[in-house]
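1. no sequence on this one, just coordinates:
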């Protein structure tokens with residue numbers, strides 16, 4: 001009885017049906033996944049970020065604000081590892097978490113077409129947040145591989161705002177589609193009692209390999225386009 005009461009108190013502390021012990025385990029792991037993904041993408045000079053996969057997993061399973069916490073932890077930690085450039089972009093990670101999380105609450109993760117739309121929506125939201133940070137905080141360039149695309153758009157006659165946002169939405173679309181479908185694969189391996197944010201489609205019932213492959217292919221195509229523009 002005591003253990004049951006303790007479990008109930010832990011569950012209520014999370015604001016939902018997930019025991020706090022699960023949250024304590026999942027949030028740091030998701031943050032580490034983000035940091036590793038972002039570090040690999042940066043080291044390989046990839047025109048994507050890969051630093052929000054864990055954010056998507058947590059936001060869609062246990063709630064948008066837990067996902068936002070993962071995002072903040074991710075960018076602050078990355079700031080100590082790779083330099084302070086990533087810290088202001090914690091706001092972007094928070095925006096992505098809120099879109100993924102609330103989108104799941106509203107049923108956008110329970111249908112493959114809506115899920116694709118949710119991926120694109122996260123890309124747009126993150127880009128709208130990122131563009132002002134890139135311009136006002138960093139003067140239009142952050143040292144990321146996507147700066148080459150921004151420079152090309154500027155050389156073609158675009159203004160700073162249009163060039164930064166356009167390059168960011170191209171890169172972010174590839175990144176968020178990849179991140180969303182990779183997160184879906186990870187969620188499929190988690191216990192179902194962790195999925196309390198909202199209904200999440202069971203990928204295996206619709207051809208899990210097809211779903212993940214389709215999302216990945218679209219993401220890679222967008223990445224290749226961004227590299228060659």
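-> Cool, got the structure. A quick note: this is a predicted structure, and the numbers were derived from the prediction, not measured. Residues are numbered from 1 along each chain as shown.
2. what's stretch 98-108 in contact with?
-> For stretch 98-108, the surrounding residues in contact (CB atoms under 8 Å, 6 or more residues apart in numbering) are 55-56, 59-60, 63-68, 109, 114-115, 117-118, 121-122, 125-126, 180, 183, 197-200. C-beta: built from backbone N, CA, C; applies to glycine.
3. give the ChimeraX command for selecting the buried subset of those.
-> In ChimeraX syntax, the buried subset of the contacts of stretch 98-108 is picked out as below (16 or more other CB atoms under 10 Å):
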select :55,56,59,60,63,64,65,66,67,68,109,114,115,118,121,122,125,126,180,183,197,198,200
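4. give me the subset of the contacts of stretch 98-108 lying in helices.
-> Under the assignment DSSP state H, the contacts of stretch 98-108 contribute 55-56, 59-60, 64-68, 114-115, 117-118, 121-122, 125-126, 180, 183 to helices.
5. residue 149 and residue 170 touch, don't they?
-> Yes: assessed by CB atoms under 8 Å, residue 149 is found in contact with residue 170 at 6.7 Å.
6. please enumerate the helices of the chain.
-> For the chain, helices defined by DSSP H occupy the ranges 2-13, 20-43, 53-61, 64-82, 90-105, 112-132, 138, 147-155, 160-188, 208-228.
7. any idea which of those is most buried?
-> helix 53-61 (a mean of 31; mean count of other CB atoms under 10 Å).
8. so for that one, mean pLDDT?
-> Averaging pLDDT along helix 53-61 yields 96.
9. quick one: the residue sitting nearest the centre point of the chain and residue 38, what's the gap?
-> Closest residue to the average C-alpha location of the chain: residue 52 at 3.1 Å, with CA atoms, centre = their mean. Residue 52 sits 8 Å away from residue 38, going by CB to CB, to the nearest Å.
10. now the common contact residues for these two.
-> By CB under 8 Å, 6+ apart, the residues touching both residue 52 and residue 38 are residue 74.
11. thinking again about what came up before, wait, what's in contact with the residue nearest to the centre of the chain?
-> Neighbours of residue 52 in contact, by CB under 8 Å, 6+ apart: 34, 71, 74, 93, 96-97, 126, 175-176, 179.
12. try it again at 10 Å.
-> 30, 33-34, 37-38, 59, 67, 70-71, 74-75, 92-93, 96-97, 100, 122, 126, 172, 175-176, 178-180, 183 (CB atoms under 10 Å, 6 or more residues apart in numbering).
13. repeat for residue 157
-> Residue 157 makes contact with residue 163, according to CB under 10 Å, 6+ apart.
14. can we see that at 6 Å?
-> Counting by CB atoms under 6 Å, 6 or more residues apart in numbering, residue 157 touches no other residue.
15. count the neighbours of residue 192 for me.
-> Counted with other CB atoms under 10 Å, the neighbours of residue 192 add up to 11.
16. now do it against residue 103, distance only.
-> Residue 192 is 19 Å from residue 103, by CB to CB.
17. now residue 22
-> 22 Å.
18. ok, residue 118 next?
-> Distance, residue 118 to residue 103, using CB to CB: 4 Å.
19. check residue 161 too.
-> As for residue 161, its distance to residue 103 is 27 Å (criterion: CB to CB).
20. ok, residue 191 next?
-> From residue 191 across to residue 103, the span is 22 Å (CB to CB).
21. now swap in residue 129 and tell me
-> Taken as CB to CB, the span from residue 129 to residue 103 is 16 Å.
22. who touches stretch 84-91?
-> Identification of contacts with stretch 84-91 by CB under 6 Å, 6+ apart yields 72, 75, 78-79, 129, 133, 137, 142.
23. pLDDT (mean, whole number) over it?
-> Stretch 84-91 comes out with an average pLDDT of 95.
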